[in-house]
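> let's see this in three dimensions:
(3 chains)
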Amino acid sequence: MELGQVGQKARGLIVPLLLLAVWWVAARNGWASASLLPPPEKVWSTFVKLLNEGKVTGNLELSLVKVAKGFVIGIAAGFMLGSLMGVSRTVEKLAGPLFNAVRQVPILGWIPLLILWFGLTELAKVIFIALGAFYPMTLNTFDGCRQLKKEYLEVARVFEYGRLRLLWRFTLPSALPSILAGIRVSMSEAWLLVIGAEIFFKTTGGMGDMMWEAKEKVRMDVVFITIIIIGLIGYLLNIALGLLESRLLRWRGSN
Amino acid sequence: MGEADNMKTIAIVDRTTTLILGLLVPVAIIAGMEAVARLELVSSQLFVPPKVIYETLVDLSLSGELLRNLAVSSLRVAAGFLLGGTAGLVFGAAMGMSRTFEAYVGPLFHALRQIPLLAWIPLLMLWIGIGEDFKIYFIAITAFYPMALNTSEGVKGVPKGYLEVGRVFAFSRFRLLRVIVLPAALPAIFTGLRISLSISWMAVVGAELVAASEGIGYLMYTGRQQFQLDTVMVCIIAISLAGYAMSLAMERIEAYSLRWQRPAGK
Amino acid sequence: MEKSGTLEILNVTKKFKVNGDATPVLEDINLTVKPGEFISIIGPSGCGKTTLLRLIIGLESNYEGNILLDGKRLNGPDRRRGVVFQDHRLLPWLSVERNIGLGLEGNRKVNGDRKKVVQEHLELVGLQGFEKAYPAQLSGGMAQRAAIARALVNRPEILLLDEPLGALDALTRMYMQQELEKIWQQEGGITMIMITHDVEEAIYLSDKVVIMSSRPGGIRKIVPVPLARPRDRASYDFVRLKEEILKEFQLHAESGFSYAI
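All right, here's what the predicted structure looks like:
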């Protein structure tokens, strides 16, 4: 049976709609306690209420500010280290082993250390987020700089380009796809970690904190709301960066 | 001194330089730390000299405390990784092999994927409490996604030419999967395994920081609470070593399974 | 091996849907291949020769007309037809002997003696000693030979070859042409249907050369090659036939060169 274009896309909606229906029926008939499964209507009404109280935008803003700070610091540091390592074998040999060793530590493992050093402050959280953004950025930048095709290198040598010119004119543009990919990954890491930061560095404000408090008060509806919003924002951030990426990489053609 | 000797000397010099340079920074850091401690430049709360870290490491190892907690965490990782990884493998293979399945399930899968993994913690805590189940299910969820994605991509990427070979010999669907699809997708599956494993490690630390009475994350948590910086550092070292060992083992398995990739002479 | 049957292609038309329009790739193809014949199919790009091959082997369906083997309509691939692709398509994760034995599973006539059959075919194509090697370790010519062995292992009645030597360098190709003829003669009675771009190769190996035209794909002319084997590429008859075929494509032969289209 041949479905039209719309029909094809609609298939993807069937399962979610079914789940939604099951959810509604389950809540109605009390198959699970309200603390585990609040009815969809309640989730919606709570959402509207919170929106009106400004709690949603307020917390969102707090989280986004943290992400922005950590993200910028992280990719700046990652770019510097990654490009240095990518361009100079000496730097790679100096910093590489240490970088790889430190990378083995799961980011969450740094939390207790950061708390001891910086306390439960904003700074600690920003550093935490920056750390998360730092690794993928370094790796991708490094990869990108390394990838410089031998042919381009030889052209540059024929023209007797200085080192700086080589970097600016050749290495960076050819590394751009990897760098942009690194930025995207760093962003999703940063967004993931801001939630973690707010949960683990027990603080006031932010989406993660909102969710944690909701859990403490067993407000499942608020938990649902925060999850959906967090997921949505993460998705939008990803799309935005993806668009930026395709615009900047237009010269690649249909690569 | 023939040319061969020259080449050998160059190679040895090169390798030694690499080794020295690689150790330069870590050694400098350790020496720096020792100096800072001796000169008492920073309060002892924020800082421990390497010697103390070493002593704590020995203490905790000898008392068995370190290994015990490490073992508990490793077991959790293993359980969650197996559970989530297998589910991801099956799910990913189904998505890759059947367009219909993907059409129905794909959008929901990708939508749920947008939820940052850590956000699952409060939700799961409300649903299943803070026992062992919680940790293992959480780890399983984190291991599920990379596995499913990579498997699905690997299966979809099987070159059509190979599939046609199977069709020409009238392979059954099962035989096609076993003899052609899975081996062709194996490199991608291994990538998924690697990513899933490291994410599982992150997940176990996270889960233990939040709700545990033992495990390496718990050890770190109490260490922090009691302002024992040395314990925290030892835990960090232990976690990285354990994670490194696991990924090394995975690499060995991968190299063996994919040994057919190497052309002659390499 | 049982005698191979007669392959009849009757009024076959195949259309492909491109952007909603149905473009005919093959139009009213009629061809009969007698058992044990070696025929080559030659034609310009887009004439549908690969599509025709895929229809015969069963990789494509949905066509008008009939393709019959011994009077019975063919439905999808089966053991009576084997195929050698241009890119050998050996499974890289299996050793040479496991690749060759790929088609043997479920072949009840052979089950006990699988190892023996694989070994026989290894020797047939001259790959003894390479049983445990992986495809990545073989040269192009060796890999193609393994692919030929794989296609023959089920003793098919018809072997289809889609530009089997196209990916090889000129010297290997000439060597492989001789090998191919040898294998055909040793397999006693097997029908060979080969697509090639190389006119000389076609004349060297086949009993008949089928020339196709394109847009839409159809059979333009069938040129019989009644020369005794092994054939001499420099003989007068050989060169004359080459000239005749090349004329169909408005090209001219010069002695000593072989033309690829």
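> next, C:Gly126: secondary structure please.
coil (DSSP: H, G, I helix; E, B strand; the rest coil).
> okay, it: pLDDT?
Confidence at C:Gly126, expressed as pLDDT, is 86.
> and C:Leu180, by the same measure?
For C:Leu180, the model assigns a pLDDT of 89.
> next one: C:Asn19
76.
> for the one 4 residues further on, same thing?
Looking at C:Thr23, its pLDDT stands at 81.
> state the distance from it to chain B.
C:Thr23 is 21 Å from chain B, where distance means C-beta to the nearest C-beta, to the nearest Å. Heads up, the C-betas are built off the backbone N, CA and C, glycines and all.
> ok and the residue in the stretch 1-150 of chain B nearest chain C?
Residue nearest to chain C within the stretch 1-150 of chain B: B:Ala93 (16.9 Å; C-beta to the nearest C-beta).
> so where does that residue fall, helix or strand?
Here B:Ala93, judged by DSSP states H and E, is contained in helix B:65-97.
> show the pLDDT at residue 156.
The chain I'm using is chain A. For A:Ala156, pLDDT reads 68.
> um, chain B though
Reported pLDDT for B:Lys156: 91.
> re earlier: so how many other residues sit close to the residue of the stretch 1-150 of chain B closest to chain C?
A count of nearby residues for B:Ala93, using other C-beta atoms under 10 Å in any protein chain shown, gives 21.
> ok so, going back, now do the helix holding B:Ala93, average pLDDT.
91.
> what comes up buried for it?
B:66, B:69-70, B:72-74, B:76-81, B:83-85, B:87-89, B:91-97 (16 or more other C-beta atoms under 10 Å in any protein chain shown).
> A:Ser33 versus the residue nearest to A:Pro39 when sequence neighbours are not counted, what's the distance?
Among residues not flanking A:Pro39 along the chain, A:Ala27 sits closest, at 3.5 Å (C-beta to C-beta, 6 or more residues apart in numbering or on different chains). According to C-beta to C-beta, to the nearest Å, A:Ala27 and A:Ser33 sit 10 Å apart.
> check A:Ile75 too.
45 Å.
> same question for B:Leu258.
For B:Leu258 relative to A:Ser33 (C-beta to C-beta), the value is 50 Å.
> those two - which one has more neighbours?
The neighbour comparison of B:Leu258 against A:Ser33 (other C-beta under 10 Å) goes to B:Leu258, with 15 against 10.
> isn't the more buried one right up against B:Ala184?
No. With contact defined as C-beta atoms under 8 Å, B:Leu258 does not reach B:Ala184; the gap is 11.3 Å.
> below-threshold pLDDT in the stretch 101-250 of chain A: ranges please.
A:149-153, A:156, A:160-167 (pLDDT under 70).
> and it, which of its residues are near chain B?
A:101-102, A:104-113, A:115-117, A:188, A:191-193, A:195-196, A:199-200, A:208, A:211-212, A:214-215, A:218, A:220, A:223, A:226-227, A:230-232, A:234-235, A:238 (C-beta under 8 Å from any C-beta of the partner chain).
> go on, chain C?
C:57-59, C:76-79, C:82-83, C:85, C:87, C:89, C:91-94, C:102-103, C:105, C:134-137.
> filter these down to the buried ones.
By 16+ other C-beta under 10 Å, the residues of chain C next to chain B give C:57-59, C:77, C:79, C:82-83, C:85, C:89, C:91, C:93-94, C:102-103, C:134-137 as buried.
> low-confidence regions, chain B specifically.
B:1-2, B:41-46, B:263-266.
> ok, which stretches of it are helices?
Ranges of helices in chain B, per DSSP state H, are B:3-38, B:50-62, B:65-97, B:99-113, B:120-128, B:132-156, B:160-168, B:173-175, B:182-210, B:216-225, B:229-257.
> repeat that for the stretch 1-150 of chain A.
Counting by DSSP state H, counting those that start in this stretch, the stretch 1-150 of chain A has helices at residues A:5-29, A:40-52, A:55-87, A:89-103, A:110-118, A:122-146, A:150-158.
> which of those is buried the deepest?
helix A:122-146 (a mean of 23; mean count of other C-beta atoms under 10 Å in any protein chain shown).
> who are the packing partners of that helix?
If you count contacts as 3 or more C-beta pairs under 8 Å, 6 or more residues apart in numbering or on different chains; DSSP states H and E, helix A:122-146 packs onto helix A:55-87, helix A:89-103, helix A:110-118, helix A:172-200.
> just the C-alpha atoms of the strand or helix carrying C:Leu246, please, in PDB.
Assigned by DSSP H and E, C:Leu246 belongs to helix C:236-248. What follows is helix C:236-248, C-alpha atoms only, in PDB (Å, rounded to 0.1, in the frame of the first residue of the first chain):
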ATOM      1  CA  TYR C 236      42.800 -12.600 -40.300                       C
ATOM      2  CA  ASP C 237      39.400 -13.900 -39.300                       C
ATOM      3  CA  PHE C 238      39.700 -12.500 -35.800                       C
ATOM      4  CA  VAL C 239      40.600  -9.000 -37.000                       C
ATOM      5  CA  ARG C 240      37.900  -9.100 -39.500                       C
ATOM      6  CA  LEU C 241      35.300  -9.900 -36.900                       C
ATOM      7  CA  LYS C 242      36.600  -7.100 -34.700                       C
ATOM      8  CA  GLU C 243      36.300  -4.700 -37.600                       C
ATOM      9  CA  GLU C 244      32.700  -5.800 -38.200                       C
ATOM     10  CA  ILE C 245      31.700  -5.300 -34.600                       C
ATOM     11  CA  LEU C 246      33.500  -2.000 -34.200                       C
ATOM     12  CA  LYS C 247      31.700  -0.800 -37.300                       C
ATOM     13  CA  GLU C 248      28.500  -1.100 -35.400                       C
END
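> tell me the buried residues in that helix?
Applying 16+ other C-beta under 10 Å to helix C:236-248 flags C:238-239, C:241-242, C:244-246, C:248 as buried.
> and that helix, average pLDDT?
The model assigns helix C:236-248 a mean pLDDT of 89.
> what helices or strands is it leaning on?
Packing partners of helix C:236-248 (3+ C-beta pairs under 8 Å, 6+ apart): helix C:199-205, strand C:208-213, strand C:218-224.
> can you list contacts of the last one?
Contacts with strand C:218-224, where a contact means C-beta atoms under 8 Å, 6 or more residues apart in numbering or on different chains, come from C:26-31, C:43, C:207-213, C:241, C:244-245, C:248.
> need the three-state assignment for C:Leu10.
strand.
> how about C:Val25?
strand.
> ok, and the closest non-adjacent residue to it?
Once flanking residues are discounted, C:Val25 sits nearest to C:Gly48: 4.5 Å by C-beta to C-beta, 6+ apart.
> what sits against that neighbour?
Per C-beta under 8 Å, 6+ apart, neighbours of C:Gly48: C:14, C:25-26, C:212, C:214, C:216-217.
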